[in-house]
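Novice: coordinates for the following, if possible.
(2 chains)
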Amino acid sequence: MKKLEFAALVSIGRYIKRDSVIHKLGAKAKYLWLFALMLAASLSKYPAVLLFTLALALIFLKLSKIGMSFVFRGMLALLPFFLIAALFQVIITLPGDNSRVLVSVAKLSLTLKELLAIAMMGLRFVLIMVSLSLFTSVTTERETASGVEELLAPLRRFGFPARAMALTVALAFRFIPIIANELETLAKAQAVRGADFGTASHNPIRKIRAYLPLIVPLSIRTIERAEALSEAMEARGYGSGPYTRYTNNVSGKLDRILSILAVVFMVLTFSIPASLVLLRL
Amino acid sequence: MAKFNTRKLVITSAMTALTVVMAVTPLGYLPWFGGASLVIIHIPTILAAVLEGPIAGTIVGLAFGLSSMIKAATAPVGPLDFIFANPVISVLPRLLIAVCAWGVYKLFRNKFLPLAAFSAGLAGSIANTVFVLFALWAVAAEEMAAIMQLASSALPAMLLGIALSNGIIEALTAAFFTSAVLIALKGLDSYKKRSRLAKEK
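Specialist: Below is the predicted model of the structure:
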């Protein structure tokens, strides 16, 4: 029965409570910086840009008082896979690689280009991990939802439903524990009736048949619950008048400055290297 | 932009939550033989697309993509996972599932519901497989080749292999589940079942 206790597994966004500048930032600034760091990490081709971004991320990490060890412990689990990938980078010769050979053992050789490729891969990996875990540990669920609204607010002028989007995110967070409990109930009810979910059967048809009594009722009950909720919301007047709010987020000066800086950073990440290339031509 | 009514909004968030639950429990990735798993986590995305249209479906698809990105970056289980920490591979392709599923569903909607639901599930799942593999090939070909111990030239063939073996079974699974849910939801009993009950009386 222990295996069927799904509800305990659900712990989204391991928010870590600390009293720091980063925690106090508005959700919008946090989102913008997450995007800025992720964008640079996954798309930039220049090592200097990646190094600078990593330095920034580490400064944020330091300011957040989360502690390096928390973030890097998560990375340790991935290290073996990274090492394997790096090793194969050495074994396989890149096409058109005629850079200087640094080390060579028997038939294997590590060229400058290969070393650079490995370093870039490592940098990207560390950067993505640091930014993602930093964001999830300094942002509460409520901020995650209100940030969506703040980010999309400029689009409201074109009729984009920013409020509705924020509500969608907030409701989704509310639904998660309910659905997890529902799943647990269903799985236990099926197990009592002799259902076997953990078998090593490799036949996909048997697998589907085993999970059909779980997935179908779960989906249907979720949809029914959602329909009931939407009717309850409409009965209480949702969507019939202007939107109001119980609490108002006031964005401070630091928020605004950091939000603008994030956008500037995003633009600069791509425009500076590009303009350098243009100048050289 | 179409009106985002209450029902659409709430069902979108419910399906998003279902996606998240599937992502953190074993339900989304049913263990299969070897390291492979039978992925059914895209079913809520397809359901949202079929029930509430492409915008709702795309939002759920976004949640699916983000969940797989975070999962890959924080709780990896295989060597391929750290490639999926790149949003271009984990998020972007998942945004296209809903549009494909909805388009196909719309095509058959007025003919025969079980068929429409089945083909929508098929289309959504195939879209997932094809676009993810395409993104892998386009963005991370070198890393993939390195991890898989293959020469870069052999990679397209291997990706095609995945698409044909795992992809087809996944597509059929998704189609089966989607139609099962939709038929139950719309209250359509199959002809066979009804006739047997009639005989029992």
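Novice: where along the chain do the helices fall?
Specialist: In the absence of a named chain, this looks at chain A. Here chain A has its helices, by DSSP state H, at A:21-24, A:27-43, A:47-64, A:68-76, A:79-91, A:112-138, A:141-152, A:162-192, A:204-235, A:253-280.
Novice: sorry, I should have been clearer: chain B.
Specialist: B:6-24, B:43-52, B:54-74, B:87-90, B:97-108, B:113-139, B:141-148, B:155-185, B:191-200.
Novice: any idea which of the helices of chain A is most buried?
Specialist: With neighbours defined as mean count of other CB atoms under 10 Å in any protein chain shown, the helices of chain A peak in mean count at helix A:27-43, which reaches a mean of 21. Every C-beta, even on glycine, is put in place using the N, C-alpha and C of the backbone.
Novice: run the chain-centre distance for that one.
Specialist: Remark: helix A:27-43 is offset 10 Å from the chain centroid, using CA atoms, centre = their mean, to the nearest Å.
Novice: where does pLDDT dip in chain B?
Specialist: Counting by pLDDT under 70, chain B has low-confidence residues at B:1-4, B:31-37, B:73-82, B:142-153, B:187-201.
Novice: of all the helices of chain A, which one is nearest B:K111?
Specialist: With CB to CB as the criterion, B:K111 lies closest to helix A:204-235 of these, at 23.0 Å.
Novice: list the helices and strands that closest one packs on?
Specialist: helix A:162-192, helix B:6-24, helix B:43-52, helix B:155-185 (3 or more CB pairs under 8 Å, 6 or more residues apart in numbering or on different chains; DSSP states H and E).
Novice: spatially central residue for the chain, please.
Specialist: Just so you know, I chose chain A. Centroid-nearest residue in chain A: A:L132, 5.3 Å away (criterion: CA atoms, centre = their mean).
Novice: was after chain B, sorry
Specialist: Among the residues of chain B, B:H42 comes closest to the average C-alpha position under CA atoms, centre = their mean, at 2.7 Å.
Novice: from chain A, how far off is that residue?
Specialist: For B:H42, the distance to chain A (CB to the nearest CB, to the nearest Å) stands at 12 Å.
Novice: just give the nearest non-adjacent residue to that residue, would you?
Specialist: Excluding the flanking residues, the one nearest B:H42 by CB to CB, 6 or more residues apart in numbering or on different chains is B:N128, at 5.1 Å.
Novice: dump the residue contacts of that neighbour.
Specialist: B:N128 makes contacts with B:39, B:42, B:93-94, B:97, B:170, as judged by CB atoms under 8 Å, 6 or more residues apart in numbering or on different chains.
Novice: repeat the analysis, applying 10 Å as the threshold.
Specialist: Counting by CB atoms under 10 Å, 6 or more residues apart in numbering or on different chains, B:N128 touches B:39, B:41-42, B:45-46, B:61, B:64, B:93-94, B:96-97, B:100-101, B:167, B:170-171, B:174.
Novice: circling back: which one of the helices and strands packed on helix A:204-235 lies closest to A:S219?
Specialist: Of all these, it is helix B:155-185 that lies closest to A:S219, at 4.5 Å by CB to CB.
Novice: how far is that closest one from where the chain is centred?
Specialist: With CA atoms, centre = their mean, you get 8 Å for helix B:155-185.
Novice: buried set for that helix?
Specialist: Neighbour counts over helix B:155-185 (16 or more other CB atoms under 10 Å in any protein chain shown) mark B:155, B:159, B:163, B:166-167, B:169-183, B:185 as buried.
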